[in-house]
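In: Fold the following, please.
(chains A and B)
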Protein chains: 2
Amino acid sequence: MHDLNILGNNAKKAALLLAGYSAKQKDKGLAACAAALYDREEEILAANRQDIENAEKNGVSPAMVDRLRLTPSRIQAMAEGLDQITVLSDPVGEVLERFERPNGLLIEKVRVPIGVIGIIYESRPNVTADAFGLCFKSGNAVILRGGSDAISSNKAIAGLLRKALSDEGLCPDAIQLIEDTSREVATEFMRLNRYVDVLIPRGGAGLIRSCVENATIPCIETGTGNCHIYVDESADQDMALDIIENAKTQRLGVCNACESLLVHEAILAEFVPKLYERLTGKSVEIRAGERVFQIVGNVCGGLKQATEEDFQTEYLDAIVSLQAVKDTDEAIRHINRYSTHHSEAILTEDTENAERFLNGVDSAAVYVNASTRFTDGFEFGFGAEIGISTQKLHARGPMGLKELTSYKYKVRGSGQIRG
Amino acid sequence: MHDLNILGNNAKKAALLLAGYSAKQKDKGLAACAAALYDREEEILAANRQDIENAEKNGVSPAMVDRLRLTPSRIQAMAEGLDQITVLSDPVGEVLERFERPNGLLIEKVRVPIGVIGIIYESRPNVTADAFGLCFKSGNAVILRGGSDAISSNKAIAGLLRKALSDEGLCPDAIQLIEDTSREVATEFMRLNRYVDVLIPRGGAGLIRSCVENATIPCIETGTGNCHIYVDESADQDMALDIIENAKTQRLGVCNACESLLVHEAILAEFVPKLYERLTGKSVEIRAGERVFQIVGNVCGGLKQATEEDFQTEYLDAIVSLQAVKDTDEAIRHINRYSTHHSEAILTEDTENAERFLNGVDSAAVYVNASTRFTDGFEFGFGAEIGISTQKLHARGPMGLKELTSYKYKVRGSGQIRG
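Out: Reported below is the predicted structural model:
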């Protein structure tokens, strides 16, 4: 059996070392890792060919095989990703607050790494390098558990990153890979509280549910997005068409894509036929609620009827649900009921409705007159992203380097005792 | 069966209302609640007498009965606690960051309530009012699950707080009590992810372990403290004796009390006999490691021998463990191995060792030349405290009103779409 306690203990020790590394040391390590990916591309490709062969032998779908496949350009992207992280500023050591108490105690709240981060992910082997890079720059040791499909690729990548760190005199246990990809070991990993400070699942809704259900380690839920766009009575309708087309079709399979549309009933008859034309032109199927049908069913012949389930669904596909609402408040209520609390937008020229929506919608990112597709660490200017949190504890929305840190209080006294 | 889903749904609705309350509304509600505690003291005392009678009938220990007992002065303290919260500033709505992206998107990171907070606690009925006050001021709805011993008191308190809110035109579901105190319902509560955003256990190590083990809701671990004080070679020894006496004996049963002492081996022969005299004068038993015995065993006749288990123990009693270390690094290693990561102190006149200790020790609060007893929301100037987090996610150390909040991103655009 794979002894997770040994990995955990190694990671804990590594984390204490990493917490003391300077930004310069970490950047040198990352640059060496990027160089190793370039230099040893052939090894990675060979390992990847093995994974691809196995996948094809096991009848894995072509889409999945594509996610698994590494090419020279994909390896280059991994290396560039690590190089880009060297440019970002090191969050560790930042003094977040500093105050003196009446008794003379000087209290500093200082940003520190979280410690040991566990990541469970599915078939994409690039996560191995990407997740390591962000964890390393923020001073955290990472334990990775990738999918069985990509095990050869992951072993090759993790192995050469460890070697590169070691050659730089840095601790190789900053990255460790769990090589036993059985479900039992994954469950054991989720309960490794003694060593792991946080678990971040990266993958589909099933993986995330399994982590929330089984983990005793604090877990950050990421990346499920049933995102809404509400078109208010006062919306600029041309702008609305452009934004909706972008949010729905610019990339279908991503968590910040729009999955559900709400339209003010006063503009339904005017706006929905234009919307129908625009979206069907992009091969998007519209599933509309009862109230929409009553008004535009006769002019938009290809509208499908939505069920209750449609309003709860993150399609990740060329489908969108559509419902009529009587005002901003009804839109807010609908969203707070059906949304996964990721990203929602109001399209309106009415400032009061905009503010009402911004305050009333309980989601990580709430937009006025912009596409939901901007909820993303790069688009927010964080320079990197480990995922998009849809929970409210610790971090919400895009998680960059800062969101991979905690803090501690340093308290300097001169003999103070409590009375 | 108690339908937790109804409670959860009520709380979720209440949370959306509370998020929109102004500071003034919340303070008026809190003041009305405080007044109700004064006015209806007799009802609370009558309900409490029932709990006390039951406890005595069930052979509950006198110490536990005392924790359960309410008196006019304890009720007054609850009311004053609520009044004091009205003075604290409202954290909700604070703009944490504001930045414009090159594409013109204006992004604001704004502090918002977490939403619905679950609190599981043991016998002290004052938690019912205290926890409600902090959750309410920070805009959160709370669902409370207290111990069965205190159920009559808790029902009386929660009932009158709900009435007071309602009379002020505020949502009574801001506070709800789970009246079924069975273990099954507690476990079900810990898995109410659909409605509850975070679970905060308040009680002993067993309760906290049970929450971590069973909860699928994100859980904040609080309040276990195996706190260390390290006396460096250069320490001012008189100051050290005062600080250690304070940290160990000022209050025995609290999480920030000192439970373990480390002494530099160079001063062992000189310092430990003085320490022994000071602590035995306060009836504290010292359990010393092997290395200490070799040097001072003959002069401190009453020293007990420590086992490995002692170094892992939070006594919450008049006992302290003692070990010799050869330098600051060994002290740091010992602490990082045995500590619960709550509060630790170095006593030293050497700035370099102080900084080494502040950086190297992986705990929520790390002190130089002060008592560990200061790790506390009031002593840190937060004005209130819901608990002291010993985990690294979300909040670390004392948790006041700010630590009961999350944030959202408000993004204002003018038609931006993603290219």
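In: Look up how far residue A:126 lies from residue A:73.
Out: With distances taken as Cβ to Cβ, to the nearest Å, residue A:73 is found 11 Å from residue A:126. Where you see a C-beta, it was placed from the backbone N, CA and C, and this is true even at glycine.
In: According to the record, where do the domains of chain A fall?
Out: For chain A, the structural domains run A:4-221+A:396-412, A:227-374, going by automatic domain parsing.
In: can the shortest one be found next to chain B?
Out: This means domain A:227-374. Yes: interface with chain B: domain A:227-374 contributes A:236, A:239, A:242-243, A:245-247, A:250, A:336, A:354, A:358-360, A:362-371, A:373-374 (Cβ under 8 Å from any Cβ of the partner chain).
In: again, but for the longest one
Out: Yes: shown here: domain A:4-221+A:396-412 in contact with chain B (Cβ under 8 Å from any Cβ) through A:16, A:19-20, A:99, A:101, A:105, A:107, A:112, A:114-115, A:193, A:197-198, A:212-213, A:216, A:218-220, A:396-397, A:406-412.
In: Can you point out the buried residues in the lengthiest strand in chain A?
Out: Selection of the longest strand in chain A by residue count, based on DSSP state E, yields strand A:405-416. Residues of strand A:405-416 classed as buried by neighbour count (16 or more other Cβ atoms under 10 Å in any protein chain shown): A:405-413, A:415-416.
In: pull the CA atoms of that strand into PDB?
Out: Extracted as PDB, the C-alpha positions of strand A:405-416 are listed here (Å, rounded to 0.1, in the frame of the first residue of the first chain):
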ATOM      1  CA  THR A 405      -2.100  32.000   1.800                       C
ATOM      2  CA  SER A 406      -3.200  32.300   5.400                       C
ATOM      3  CA  TYR A 407      -1.900  34.700   8.100                       C
ATOM      4  CA  LYS A 408      -0.400  34.600  11.500                       C
ATOM      5  CA  TYR A 409      -0.200  37.200  14.300                       C
ATOM      6  CA  LYS A 410       3.300  38.300  15.400                       C
ATOM      7  CA  VAL A 411       3.100  39.900  18.800                       C
ATOM      8  CA  ARG A 412       6.000  41.800  20.300                       C
ATOM      9  CA  GLY A 413       6.000  42.600  24.000                       C
ATOM     10  CA  SER A 414       8.200  43.700  26.900                       C
ATOM     11  CA  GLY A 415       7.000  41.500  29.700                       C
ATOM     12  CA  GLN A 416       3.200  42.000  29.400                       C
END
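In: In the stretch 251-400 of chain A, which residue sits nearest chain B?
Out: Of all residues in the stretch 251-400 of chain A, the one sitting closest to chain B is residue A:370 (2.9 Å; Cβ to the nearest Cβ).
In: how near is residue A:279 to residue A:302?
Out: As judged by Cβ to Cβ, residue A:279 and residue A:302 stand 10 Å apart.
In: Which of those two has more residues huddled nearby?
Out: Here residue A:279 and residue A:302 are set side by side on neighbour count (other Cβ atoms under 10 Å in any protein chain shown), and the busier one is residue A:279, at 22 against 8.
In: related to what we said a few turns ago, and residue A:73 and residue A:126? Which one has more around it.
Out: Neighbours of residue A:73 and residue A:126, each counted by other Cβ under 10 Å, are more numerous for residue A:126; the result is 18 against 7.
In: Can you name the residues that contact that one?
Out: A:70, A:74, A:77-78, A:81 (Cβ atoms under 8 Å, 6 or more residues apart in numbering or on different chains).
In: Can you flag the buried ones in those?
Out: Buried positions within those, assessed by neighbour count (16+ other Cβ under 10 Å), are A:70, A:78, A:81.
In: Once you drop chain neighbours, what's closest to the second one?
Out: Right, the one you point to is residue A:78. Counting by Cβ to Cβ, 6 or more residues apart in numbering or on different chains, the nearest residue to residue A:78 once its immediate chain neighbours are dropped is residue A:129, at 4.3 Å.
In: Counting neighbours, which bits of the strand or helix carrying residue A:34 end up buried?
Out: Following DSSP states H and E, one finds residue A:34 within helix A:23-39. Using 16+ other Cβ under 10 Å as the burial criterion, the residues of helix A:23-39 that qualify are A:23, A:26-34, A:36-37.
In: average pLDDT for that helix?
Out: The predicted model gives helix A:23-39 an average pLDDT of 98.
In: next one: stretch A:247-264
Out: Rounded to a whole number, the mean pLDDT of stretch A:247-264 is 96.
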